[in-house]
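1. Structure for this input, please:
(one chain, ligands or ions: 1)
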Amino acid sequence: MTEWTDAETFARALERADTKEKGNCFEDFEEGDLLEHDPGLTLTRWGNESWMSQTLNHDPAYWRTDAATARGFDEPPIHPDFLTAATLGITVEDLSEKGGYFLGRTNVRFPEAPVYPGTELRVESEVVETATSSSRPQYGIVTWRTRGLDAATGDVLCSYERTNMIPRRQPVETDGGSAGATSADDDPDGGLPAEFVTPEGGYFEDFAAALEDADGRDAAVAYRHERGRTQDDVTVASLPLATLNTAKQHHNADVMGDSPSGGIVTYGDVTRSTALGHARSDERTWREVGFDDERFHTFVASGDTVYAFTRVLGAEDDADSPEAGTVRFEHIAFNQDDEPVYSGTRTAEIQKRSRN
Ligand SMILES: CC(C)(COP(=O)(O)OP(=O)(O)OC[C@H]1O[C@@H](n2cnc3c(N)ncnc32)[C@H](O)[C@@H]1OP(=O)(O)O)[C@@H](O)C(=O)NCCC(=O)NCCSC(=O)C[C@H](O)C(=O)O
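-> As a prediction, this is how the structure comes out:
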């Protein structure tokens with residue numbers, strides 16, 4: 001009788017067996033395809049608090065009822081970072097489980113109404129672009145437009161466009177990319193302004209005053225945040241799985257050993273949310289409006305530490321609430337070797353020290 005668990009016999013069985021594959025390759029996506037993602041998620045307070053605590057997002061309005069009601073919420077709502085990560089997590093089985101990397105995202109928007117614990121999330125995506133990667137013949141580049149909806153009402157809760165590198169079934173001929181196309185800059189300081197201005201506090205007025213101070217001079221409002229968060233099993237594997245993110249990049253060290261990163265890596269939304277948590281700890285956030293031009297520059301892995309750097313791009317007294325003004329930031333997450341790992345622009349309403 002065949003002993004299937006005999007090591008040699010089993011190795012031969014594995015060689016001969018078909019694998020019932022998960023996920024889609026580049027060739028499976030066509031511009032205009034619509035995908036209704038099957039998984040769904042109830043946005044729970046537990047999920048929200050796990051995400052927020054592990055990424056150091058401690059805005060009291062998301063933790064305490066008195067702080068929530070002072071912000072105009074009925075109770076601590078679901079944080080936009082967790083909502084964004086959960087919306088993306090649900091799409092992974094269809095869009096990126098095959099193992100490509102999350103390159104960037106733009107036009108991340110949240111309608112003004114808060115999302116409360118207990119809301120059931122349903123997610124849909126449309127393929128907006130497929131492109132050849134000139135530098136990596138084994139991969140193509142796909143962009144999707146994704147919407148996270150309240151399953152009960154159909155209201156849009158979160159939307160964005162995301163771009164990933166997606167493995168091809170068949171590598172293609174490419175021109176090998178444009179290596180060497182960038183020219184070295186003669187300026188040893190890389191063209192940075194002569195002076196960096198740091199806002200005195202975290203209120204809208206502090207950002208506006210710092211921008212005014214820098215205006216007309218060779219100066220930028222730019223500063224770094226002290227906190228760092230070293231990546232561990234919780235941030236690398238547990239947080240993405242809690243959003244139903246099945247990307248093997250975050251939990252299958254066996255397969256990822258033979259990949260561009262050489263091992264499992266942190267979910268892009270964990271890296272981003274951690275950097276934003278550091279930045280928010282130095283400001284009085286009132287409301288998140290949106291994010292653009294998000295880019296993941298290099299891998300973050302277990303043992304790496306995520307820090308954050310902020311540049312203030314603009315401040316306008318035009319927020320919907322009289323309690324706040326609108327500030328535009330660029331946030332850059334960087335690692336222990338000072339390498340940028342994420343960058344993106346963010347528009348947020350920041351609390352005023354005094355109401356008009
Ligand atoms: C993945 C990388 C190692 C690739 O590096 P490299 O080969 O040096 O190329 P580029 O980074 O310049 O980009 C590859 C090609 O993709 C195009 N690109 C890049 N960004 C965008 C964008 N936002 N929109 C459109 N196209 C974009 C470039 O132009 C290149 O094109 P071509 O020259 O024709 O080949 C490196 O990028 C890297 O290490 N990035 C970090 C990736 C990462 O760590 N992401 C987060 C973790 S993975 C994740 O979170 C997965 C998630 O769960 C999910 O499922 O999505």
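2. if you skip the residues just before and after it, what's nearest to Arg168?
-> Using C-beta to C-beta, 6 or more residues apart in numbering and skipping residues adjacent in sequence, the residue nearest Arg168 is Phe26, 4.5 Å away. For the C-beta atoms, the positions are set from N, CA and C on the backbone; glycine is no exception.
3. Could you check how many residues crowd around the one you found?
-> As a burial measure, Phe26 scores 24 neighbours (other C-beta atoms under 10 Å).
4. That one and Pro137, how far apart?
-> With the distance defined as C-beta to C-beta, to the nearest Å, Phe26 ends up 11 Å from Pro137.
5. so what sits against both of the two?
-> Shared contacts of Phe26 and Pro137, defined by C-beta atoms under 8 Å, 6 or more residues apart in numbering, comprise Arg168.
6. and the residue of the protein nearest the ligand?
-> Using C-beta to the nearest ligand atom, Gly104 is the residue of the chain that sits closest to the ligand, at 2.6 Å.
7. Next, the contact list for Glu31, please.
-> Glu31 sits in contact with 127-130, where contact means C-beta under 8 Å, 6+ apart.
8. can you give me the helices in this structure?
-> 7-16, 45-54, 65-70, 80-95, 204-214, 233, 239-242, 253-256, 268-280 (DSSP state H).
9. ok, back up a step: now the residue of the chain closest to the ligand: closest residue in space that isn't a chain neighbour?
-> Distances taken as C-beta to C-beta, 6+ apart place Arg295 nearest to Gly104, at 4.4 Å, with adjacent residues excluded.
10. How about Thr84?
-> Using C-beta to C-beta, 6+ apart, the nearest residue to Thr84 is Cys158, at 5.7 Å.
11. Please name the bridge partners of that neighbour.
-> Beta bridges link Cys158 to Gly148, judged by DSSP bridges.
12. circling back: wait, the residue nearest to Arg168 touches Gln138, no?
-> No. Using C-beta atoms under 8 Å, Phe26 is not in contact with Gln138; the gap is 9.4 Å.
13. can you list residues touching both of these two?
-> With contacts taken as C-beta under 8 Å, 6+ apart, Phe26 and Gln138 have 167-168 as neighbours in common.
14. Hmm, the residue of the chain closest to the ligand is touching Phe291, no?
-> No. Applying C-beta under 8 Å, one finds Gly104 not in contact with Phe291, separated by 10.7 Å.
15. Which of these two has more residues huddled nearby?
-> Taking other C-beta under 10 Å, Gly104 and Phe291 do not tie; Phe291 has more neighbours (25 against 19).
16. distance of the more buried one from Val127?
-> 21 Å.
17. same deal with Gly118?
-> Going from Gly118 to Val127 by C-beta to C-beta gives 32 Å.
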